[in-house]
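got a predicted model here, sequence first, then my questions.
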Amino acid sequence: MRGRVDGSQKKFLVPSICVILLLLGFLFVYFGGYGGQHASSLDYGTKFSRSLGWGSSDNGDATKTDDSSLGQEDVEDKIITLKSFPVCDDRHTELIPCLDRNLIYQTRLKLDLSLMEHYERHCPLPERRFNCLIPPPPGYKIPIKWPKSRDEVWKANIPHTHLAHEKSDQNWMVVKGDKISFPGGGTHFHYGADKYISSIANMLGFSDNVINNEGRLRTVLDVGCGVASFGGYLLTSDVITMSLAPNDVHQNQIQFALERGIPAYLGVLGTKRLPYPSRSFELAHCSRCRIDWLQRDGILLLELDRILRPGGYFAYSSPEAYAQDEEDLRIWREMSAIVERMCWKIAAKQNQTVIWVKPLTNDCYMDRSPGTKPPLCKSEDDPDAVCGVQMEACITPYSEQIHRDKGSALAPWPARLTTPSPRLTDLGYTAETFEKDTDIWQQRVGNYWNLLSPKIRPNALRNLMDMKANMGSFAAALREKDVWVMNVVTPEEPNTLKLIYDRGLIGTVHDWCESFSTYPRTYDLLHAWNIISHIEKRGCSVEDLLIEMDRILRPTGFVIFRDSGAVAELLKKYFGALHWELVAAVDSEADSNPEDGEIILLIQKKMWFRDAASRIY
């Protein structure tokens, strides 16, 4: 009897399973394809998303986004308008794809934690990319405008208060109702960055204790910057700072900095060179930044040496400078020995702060005893190569011209903004080329502002990015605006980033086939000049780049596309899916010296939120 019952169960088991599988398959197709907005952000990659039917056309056909169609006469016929992209779930409101620790765990990368490799960039393969729009956190508000934002932000925009509690004795930040305020304190300067900055200027004997030293000190690197109050207060002295910190246990510090409207970038002194050319900064700063400067024969100090200008300073505030106990004394002795062999001299020392100065010429390097470590870098080493280049424990000597001139021969700020850089000849450019580029972009930016003015309120724009900056003339044309620009130079283009720093501007090298090292919702305006054409020629996904641009753009922020007519038509197909609004489309003939066939598109990102069902409203 039992055998007959079991046989009956087996008889109906297979059909039952088939029915269940068919039902699940139907639900998967329905909710994954037709109702694509319900898809989870745990599904990776453009190809996989298309297999689910995300972004289908009105007639149910799969979206055709073959980038090879760019420039073809039948572009209108080949590309079908997207309906939608899926929405990431709430776990990913702060996703930074190339600095995602979950990715490191999932892919089981073997990294040396002692060398900070886990804080360096590790980008997902194309098939593992998140192909979804990142929603703002619940209650998100339009950010407070500069300059008020330097001192307070909306708590809902960055709902993390652990730093306020952890650093409560250091005045980093204070929670006040629905806002977070920043009193200007830091680990070493509890009583305010402004007083601390004045003390550094006083130690160096600068006129009137003003840190810019009559325009001779303009660009600063703040390593381990916290919430970037040091860089924020330097802005009042016409000094611009690249505030740098990793996405570590204090993981939101750079997010706070950018929300405040202070230039900042996610990065770490690990195993690879920082993404800045040689001789970029007049001052490097570290205030109890928890960096082991003695490791690997002083390789991290040598990286600072590479990016400091002749006569540049390193301001180091830490207990070791005061030598309170035996361990501090040991570190101080060893660090002093390394920098002495690097030919740095103590410019000033007071309380827990020491300031070293880098030599102006190669004389000291040539006078060292044979075999002295660290050695000079090999002659074939390019000190300006930074994209994925490993650090080396060697000293970068100066060129014959710098040695002869006893310095970089840069004009004081702001004259250096429009003065041709001595390094123009490194790239084969002439002063006439530089001046023409400056004039062209002055005209173009004026026209951009005419397009933007009807759509923006005063101080609506603060954090700007030029995604393909060339010589930095877009940023230079904004000198009179209360904004700052992250100038991005792609590794395939001439290494013009050194010209940008010589102009007194800041920026980084970045490959737009990958995600940028910043939090979501950190830029008010992106300038995309020929970047879509550039990406398409390299065979990278235009769709992925647009999703990345949406990630880093603030709600109600703007994108200025300047590209070919074919690209302009392609882009229009995506605006609805991205929830972007086309504000203006004009021909570049309105500019002086226009490029043939360029179209200017001005778009604005809409404010939207996701509901419990992952729908946008």
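That came through, no problem.

quick one: I535 and W512 touch, right?
Yes: the pair I535 / W512 is scored as a contact, 5.7 Å apart, by Cβ atoms under 8 Å. Quick note: C-beta positions are derived from backbone N, CA and C, even for glycine.

spit out the residues that contact those two alike.
The overlap between the contact sets of I535 and W512 (Cβ atoms under 8 Å, 6 or more residues apart in numbering) consists of L545.

buried ones in stretch 311-320?
Residues of stretch 311-320 classed as buried: G311, G312, Y313, F314, A315, Y316, S317, S318, E320 (neighbour count, 16 or more other Cβ atoms under 10 Å).

any idea whether Y365 is helix, strand or coil?
helix (DSSP: H, G, I helix; E, B strand; the rest coil).

quick one: it from I456, how far?
As for Y365, its distance to I456 is 51 Å (criterion: Cβ to Cβ, to the nearest Å).

so if I had to pick from these two, which one is more boxed in?
Y365 (18 against 15; other Cβ atoms under 10 Å).

C343 is in contact with that one, correct?
Yes: counting by Cβ under 8 Å, Y365 does reach C343; the two are 6.1 Å apart.

taking the buried residues of stretch 311-320 one by one, which sit in helices?
Cross-referencing the buried residues of stretch 311-320 against helices under DSSP state H gives E320.

of the buried residues of stretch 311-320, closest to A585?
Proximity of these to A585 (Cβ to Cβ) peaks at G312, which lies at 45.7 Å.

ok, now which ones touch that closest one?
R279, F281, E282, L283, A284, V357, K358.

state the distance from it to S278.
11 Å.

before we move on, back to that, hmm, which two among the contacts of G312 are most spread apart?
Pairwise distances across these (Cβ to Cβ) peak at 14.4 Å, for the pair R279 and V357.

more neighbours: these two, which one.
In this view R279 and V357 are compared by other Cβ under 10 Å, and R279 has more residues nearby, 26 against 18.

nearest residue to the more buried one other than its sequence neighbours?
R309 (4.7 Å; Cβ to Cβ, 6 or more residues apart in numbering).

backbone dihedrals for that neighbour, both of them.
R309 adopts backbone torsions of phi -70, psi 160, taken as degrees, to the nearest 10.

next one: V509
Torsion angles, degrees, to the nearest 10, at V509: phi -90, psi 140.

still on that earlier bit, which of the contacts of G312 lies closest to E380?
R279 (18.5 Å).

so how far is Y313 from that closest one?
13 Å.

also S399?
21 Å.

please apply the same query to C394.
From C394 over to Y313 (counting by Cβ to Cβ), the distance is 21 Å.

ok, back up a step: Throw the buried residues of stretch 311-320 into JSON lines and include distance to E581 and pLDDT, thanks.
Below are these laid out as JSON lines (distance: Cβ to Cβ, whole Å; pLDDT from 0 to 100):
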{"residue": "G311", "distance to E581": "50", "pLDDT": "97"}
{"residue": "G312", "distance to E581": "45", "pLDDT": "98"}
{"residue": "Y313", "distance to E581": "47", "pLDDT": "98"}
{"residue": "F314", "distance to E581": "47", "pLDDT": "98"}
{"residue": "A315", "distance to E581": "46", "pLDDT": "97"}
{"residue": "Y316", "distance to E581": "49", "pLDDT": "96"}
{"residue": "S317", "distance to E581": "47", "pLDDT": "92"}
{"residue": "S318", "distance to E581": "50", "pLDDT": "89"}
{"residue": "E320", "distance to E581": "54", "pLDDT": "84"}
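
of the buried residues of stretch 311-320, closest to W146?
A315 (25.8 Å).

residues in contact with that closest one?
Going by Cβ under 8 Å, 6+ apart, A315 touches I200, L283, A284, H285, C286, T353, V354, I355.

which one of the residues you listed has the most neighbours?
In terms of neighbours by other Cβ under 10 Å, the contacts of A315 top out with H285 at 27 neighbours.

for it, list each beta-bridge partner.
D222, A315 (DSSP bridges).

sort out which residues of stretch 211-229 are buried, please.
Taking 16+ other Cβ under 10 Å as the criterion, stretch 211-229 shows 211-213, 215, 217-229 as buried.

neighbours of the closest residue in space to A348 that isn't next to it in sequence, just the number please.
Spatially, and ignoring its direct neighbours in sequence, A348 is nearest to M203 (3.8 Å; Cβ to Cβ, 6+ apart). Counted with other Cβ under 10 Å, residues neighbouring M203 total 19.

the one 5 residues further on too?
For D208, the number of neighbouring residues by other Cβ under 10 Å comes to 8.

wait, is it part of a helix?
Yes: according to three-state DSSP, D208 belongs to a helix.

return the distance of it relative to L410.
From D208 to L410 the distance is 22 Å (Cβ to Cβ).

same thing with I500?
In terms of Cβ to Cβ, I500 sits 13 Å off from L410.

repeat for P397
P397 is 19 Å from L410, by Cβ to Cβ.

before we move on, what about I142?
Counting by Cβ to Cβ - I142 and L410 are separated by 39 Å.

of these two, which one has the most company?
More neighbours surround L410 than the other of I142 and L410, with 23 against 13 (other Cβ under 10 Å).

pretty sure that one sits against S421.
Yes: taking contacts as Cβ under 8 Å, L410 lies within contact range of S421: 7.4 Å.

just to revisit the earlier point, quick one, what contacts the residue nearest to A348?
M203 neighbours (Cβ under 8 Å, 6+ apart): A347, A348, Q350, T353, I355.

before we move on, back to that, which one of the contacts of G312 is nearest Q106?
For those, the residue nearest Q106 by Cβ to Cβ is A284; the value is 35.4 Å.

can you tell me the closest non-neighbouring residue to E334?
Nearest non-adjacent residue to E334, counting by Cβ to Cβ, 6+ apart: L294, 5.4 Å away.

for the one you found, list the residues it contacts.
Contacts of L294 (Cβ under 8 Å, 6+ apart): I331, E334, M335, I338.

selecting buried members of the residues you listed in PyMOL, what would you type?
Buried members of the contacts of L294, defined by 16+ other Cβ under 10 Å, are picked up in PyMOL with:
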select buried, resi 331+335+338
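
could you chop this structure up by domain?
Using the TED database, the domains assigned to the chain come out as 191-411, 424-614.

so L217 sits against H285, correct?
No: in this structure, L217 is not within contact of H285 by Cβ under 8 Å, at 11.5 Å.

for the stretch 351-500 of the chain, which residues score under the pLDDT cut-off?
In the predicted model of the stretch 351-500 of the chain, no residue satisfies pLDDT under 70.

can you map out the helices along it?
Per DSSP state H, counting those that start in this stretch, the stretch 351-500 of the chain carries helices over the ranges 363-367, 400-405, 431-452, 473-476, 497-502.

can you name the residues in contact with the fourth one?
The one in question is helix 473-476. With contact meaning Cβ under 8 Å, 6+ apart, helix 473-476 is reached by 417-418, 437-438, 440-442, 444-445, 464, 466, 469, 485, 487, 500, 503, 505, 527, 529.

and the gap between L294 and I535?
42 Å.

tell me where the stretch 501-617 of the chain has strands.
Taking DSSP state E, counting those that start in this stretch to define them, one finds strands in the stretch 501-617 of the chain at 506-509, 523-529, 553-564, 580-587, 598-605.

what is the shortest one packed up against?
Judged by 3 or more Cβ pairs under 8 Å, 6 or more residues apart in numbering; DSSP states H and E, strand 506-509 is in contact with strand 240-245, strand 484-489, helix 497-502.

roughly how far out does the following helix or strand past the first one sit from the chain middle?
Counting by DSSP states H and E, the next helix or strand C-terminal to strand 240-245 is helix 253-260. Computed by Cα atoms, centre = their mean, to the nearest Å, the separation of helix 253-260 from the middle of its chain amounts to 12 Å.

state the mean pLDDT of the helix or strand just after helix 253-260.
Per DSSP H and E, the first helix or strand lying C-terminal to helix 253-260 is strand 264-266. Strand 264-266 comes out with an average pLDDT of 97.
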